[in-house]
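Engineer: Just the structure for this:
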Amino acid sequence: MVLRNRVYPEFLTHTQANARWSIVKPALQQLPGDLSDIYVPDEGKVWLKHDWDAVELRIQGAIANDKPLLDVFANRGDPHTLNMCEVLGYPYPVDRRDPHASTEDSVWREKLDWRGKDDLRRRFAKVFCFRLIYRGDPRFAGDIPGAKQLGLNGPKLVKAADAWLLPHHAIRKYWARIDEQIRTYGFTQTWTGRKRRYMSIGPDRVVPAGVFREGANHPIQGAVADLKNLTMIELLETCEWLTLAKEQHDAFWLECPVEREAETWPIYQEVVQRARLIEGVLMPFPAEFKRYLADGSVEKVKHVTANV
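Structural biologist: As a prediction, this is how the structure comes out:
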């Protein structure tokens with residue numbers, strides 16, 4: 001609904017099986033990137049926004065107890081660059097935390113003609129590995145941007161998938177565990193205990209095609225939704241002056257009065273980045289923060305500590 005040049009969208013919280021939200025009237029989540037700045041806060045207000053770092057891979061690493069992923073996050077490494085090395089057979093950089101700028105990796109960058117975080121190979125591997133953790137068939141990953149430029153066809157994509165899953169063998173074990181749970185109980189659940197039942201499984205316990213893939217997806221996507229919902233609830237209860245302005249995928253924008261922004265940032269950052277115990281793994285959730293102003297400008301926000 002639009003009233004006096006202000007948009008009042010509908011937030012739907014229970015329409016998707018994995019508990020992710022959707023927004024309609026208008027569908028803000030589907031807004032093209034070049035139009036995203038047409039929505040701005042009211043005068044006297046500011047939007048606070050965070051973007052979690054590799055949140056789905058963090059969840060996957062925890063629930064599968066995947067040592068390579070857990071090691072990357074324990075050392076604050078860049079998982080997408082390291083995944084690229086495993087997928088495409090490149091040597092690992094020396095500094096796994098910041099290979100894009102470290103002095104130790106100048107030779108590595110020169111040898112690979114490295115273009116930083118926007119490098120086509122890194123962007124391809126990021127999407128490709130997401131396809132894999134959700135049990136997508138690598139033979140059909142040729143539609144991922146960068147696959148054709150890298151000369152990756154069906155057989156080569158299968159080889160790349162095998163190369164990545166070799167050190168990440170715990171993920172295959174996770175799939176087997178999920179399959180057995182679905183066959184036996186007919187449901188999967190997230191780290192909070194929220195269950196998803198697969199009603200397409202009949203009394204003969206025959207599992208339709210696609211259910212195992214959905215079963216691998218739910219504990220990850222659903223866990224991110226749980227994390228997001230718990231974070232939002234705590235923030236809105238702790239800081240009663242905040243209101244929800246916008247939501248998209250793993251992020252949400254909270255509207256805050258300008259005069260209360262300074263006291264809000266330390267609380268906001270602590271709640272968002274708080275480590276959570278997931279399947280016995282204490283997983284941190286670092287994030288990048290931004291503030292959106294009424295004039296349409298956007299600013300990055302560094303870590304803010306509370307004044308004691």
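
Engineer: and stretch 132-148, average pLDDT?
Structural biologist: Averaged across stretch 132-148, the pLDDT comes to 94.

Engineer: Could I get the buried residue list for it?
Structural biologist: Neighbour-count burial for stretch 132-148 flags 132-133, 135-136, 138, 141, 144, 146-147 (criterion: 16 or more other Cβ atoms under 10 Å). The C-beta positions use only the backbone N, C-alpha and C, and glycine is treated the same way.

Engineer: and which of these is nearest F124?
Structural biologist: Of all those, G146 has the smallest distance to F124: 3.4 Å, by Cβ to Cβ.

Engineer: Distance-wise, check the closest residue to that closest one other than its chain neighbours relative to V211.
Structural biologist: Spatial nearest neighbour of G146, chain neighbours left out: F124 (3.4 Å); criterion: Cβ to Cβ, 6 or more residues apart in numbering. Distance from F124 to V211, counting by Cβ to Cβ, to the nearest Å: 29 Å.

Engineer: neighbour count winner among those two?
Structural biologist: F124 (24 against 18; other Cβ atoms under 10 Å).

Engineer: ok, that one - contacts?
Structural biologist: Contacts of F124 were listed using Cβ atoms under 8 Å, 6 or more residues apart in numbering, and they are 84, 144-147, 150, 152.

Engineer: ditto for N65
Structural biologist: Counting by Cβ under 8 Å, 6+ apart, the residues that N65 touches are 170, 279-281.

Engineer: Buried only: go through those residues for me.
Structural biologist: Buried among those by 16+ other Cβ under 10 Å: 170, 281.

Engineer: Tell me how many other residues crowd the closest residue to H303 other than its chain neighbours.
Structural biologist: Closest residue to H303 apart from its sequence neighbours, by Cβ to Cβ, 6+ apart: Q269 at 6.2 Å. Residues lying near Q269 (other Cβ under 10 Å) number 21.

Engineer: Verify the assumption that K49 is located in a strand.
Structural biologist: Yes: K49 forms part of a strand when assessed by DSSP: H, G, I helix; E, B strand; the rest coil.

Engineer: quick one: it from Y90, how far?
Structural biologist: 34 Å.

Engineer: Neighbour count for the two, which is higher?
Structural biologist: Neighbours were counted for K49 and for Y90 using other Cβ under 10 Å; K49 has more, 20 against 17.

Engineer: pretty sure the more buried one is in contact with W253, am I right?
Structural biologist: Yes: using Cβ atoms under 8 Å, K49 is in contact with W253, at 4.7 Å.

Engineer: quick one, strands of the protein?
Structural biologist: With strands called from DSSP state E, the chain shows them at 2-3, 6-7, 10-12, 22-24, 45-52, 187-189, 195-197, 243-248, 251-257, 276-278, 281-283, 287-292, 298-301.

Engineer: Nearest to F128, out of these?
Structural biologist: Closest among the strands of the chain, using Cβ to Cβ: strand 45-52, at 20.4 Å.

Engineer: that older thread, between the contacts of N65, which is nearest S102?
Structural biologist: V281 (27.3 Å).

Engineer: coming back round to it: mind pulling the model confidence for the residue nearest to H303?
Structural biologist: On the pLDDT scale, Q269 gets 96.

Engineer: so what's it up against?
Structural biologist: 50, 287, 289, 303-304.

Engineer: cool, and V301?
Structural biologist: Applying Cβ under 8 Å, 6+ apart, the residues near V301 are 265, 289-291.

Engineer: Great, nothing more from me.
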